[in-house]
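# structure, please.
(chains A and B)
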Amino acid sequence: MESDRLQKLYIDFASVVFREGFLDNQYTLLQQLQDESEPKFVLQVGTLFLEDSEKLLNGLRSILDQQDVDFEKLDACVRKLMGSSASIGAKRVKNVCIAFHNSCKKGSKEGCLKYLQQMAQEYLLVKRKLETLFKLETQIVAAGGSVPLLSQ
Amino acid sequence: MSSYAAGRGEQEIHVLAVDDSSVDRALIAKILRSSKYRVTTVDSGKRALELLTLEPNISMIITDYWMPEMTGYELLKSVKESSKLREIPVVVMSSENVPNRINRCLEEGAVDFLLKPVRPSDVSRLCSRMR
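Numbering: from 1, shown residues only, chains lettered A, B, ... in the order given. Got it, this is the predicted structure:
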């Protein structure tokens, strides 16, 4: 059956995503919260995360482009991204945010630039993983199946 | 002000959630609605205070700590300094576990302090503290 095939594909793909640390059990919590009253909850929150992250990354770039870096403003942005990545379960992004936050506290522009680059890379990677998961979830539901709950 | 209501008129417990992060607003709102509370979300302390002047029956305020312009601590203080609002229980959330911050909020009258990301079990324990 098509939904069985898609479910297996989804589980196999998600296992790698979890094993490689892109997502953690917070993502599973979002799946558990999804119900008939909000059947697209995970997709909605995921989309908000991706939109927010793009804006925050652009914000971080423009702050770091300044001659005199406002480390407080920078840190406020990083903390926001740290929070939202933790809320969706984007573990690797969150971990880079923690390192970035420490560089902000030290006032290290070099450190911040390095972590910004890492953060941008991790964001792109998790974005692709999430988009693939969302696509598979939509296909599973369209095929009449239910989305398997994932775990670390 | 962006707001979600559960849409079920018979619900009595109305929680106001304050967070400048759209992701966290969506998450806390969903957790609260799953516990059958009516929820309104706003993205700043300023909007929270505006809503509180219009909406008399808020049973609890759950607010993020770090917000631009007005922090959750400053919102907590404003609520506790207001004769009309001071009886509303306030819960503060933060993604950082900073003991001084937690103590300051509790001393200012917060009934609880939750570490983000908030989970359904965190919200369950708030039930007994609702007004």
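# pretty sure B:Pro68 is in a strand, no?
No - counting by DSSP: H, G, I helix; E, B strand; the rest coil, B:Pro68 is not found in a strand; it is coil.
# can you tell me how far it sits from B:Asp19?
According to Cβ to Cβ, to the nearest Å, B:Pro68 and B:Asp19 sit 12 Å apart. Just so you know, the C-beta spots here come from the backbone N, C-alpha and C atoms, and that holds for glycine as well.
# compare these two (neighbour count), which wins?
More neighbours surround B:Asp19 than the other of B:Pro68 and B:Asp19, with 28 against 12 (other Cβ atoms under 10 Å in any protein chain shown).
# spatially central residue for chain A, please.
The centre of chain A sits closest to A:Ala90, judged by Cα atoms, centre = their mean, with a distance of 3.8 Å.
# show the backbone phi and psi for B:Leu85.
Phi and psi for B:Leu85, reported as degrees, to the nearest 10, are phi -110, psi -10.
# whoops, I mixed them up, B:Leu115
phi -90, psi 140.
# may I have the beta-bridge partners of it?
For B:Leu115, the beta-bridge partners under DSSP bridges are B:Ser94.
# what about it, how many residues nearby?
Neighbour number of B:Leu115 under other Cβ under 10 Å is 14.
# look up how far B:Thr40 lies from it.
23 Å.
# and what of A:Lys73?
A:Lys73 is 29 Å from B:Thr40, where distance means Cβ to Cβ.
# so the helix ranked longest in chain B, near chain A or not?
Counting by DSSP state H, the longest helix found in chain B is helix B:22-34. Yes - using Cβ under 8 Å from any Cβ of the partner chain, helix B:22-34 reaches chain A at B:22-24, B:26-27, B:30-31, B:33-34.
# now do the helices in chain A.
A:2-19, A:25-33, A:41-64, A:71-88, A:91-106, A:109-142.
# other SSEs contacting the shortest one?
It stands for helix A:25-33. Counting contacts by 3 or more Cβ pairs under 8 Å, 6 or more residues apart in numbering or on different chains; DSSP states H and E, helix A:25-33 packs against helix A:41-64, helix A:71-88, helix B:22-34.
# which of the residues in it are buried?
For helix A:25-33, the neighbour count (16 or more other Cβ atoms under 10 Å in any protein chain shown) marks A:26-31, A:33 as buried.
# and if you look at the last one?
With burial defined by 16+ other Cβ under 10 Å, the residues of helix A:109-142 counted as buried are A:109, A:111-113, A:115-116, A:118-119, A:122-123, A:125-127, A:129-130, A:133-134, A:136-137, A:139-140.
# can you list the weak-confidence ranges in chain B?
B:1-11 (pLDDT under 70).
# excluding chain neighbours, what is closest to the residue of it found nearest chain A?
Of all residues in chain B, the one sitting closest to chain A is B:Val23 (4.0 Å; Cβ to the nearest Cβ). Once flanking residues are discounted, B:Val23 sits nearest to A:Ser84: 4.0 Å by Cβ to Cβ, 6 or more residues apart in numbering or on different chains.
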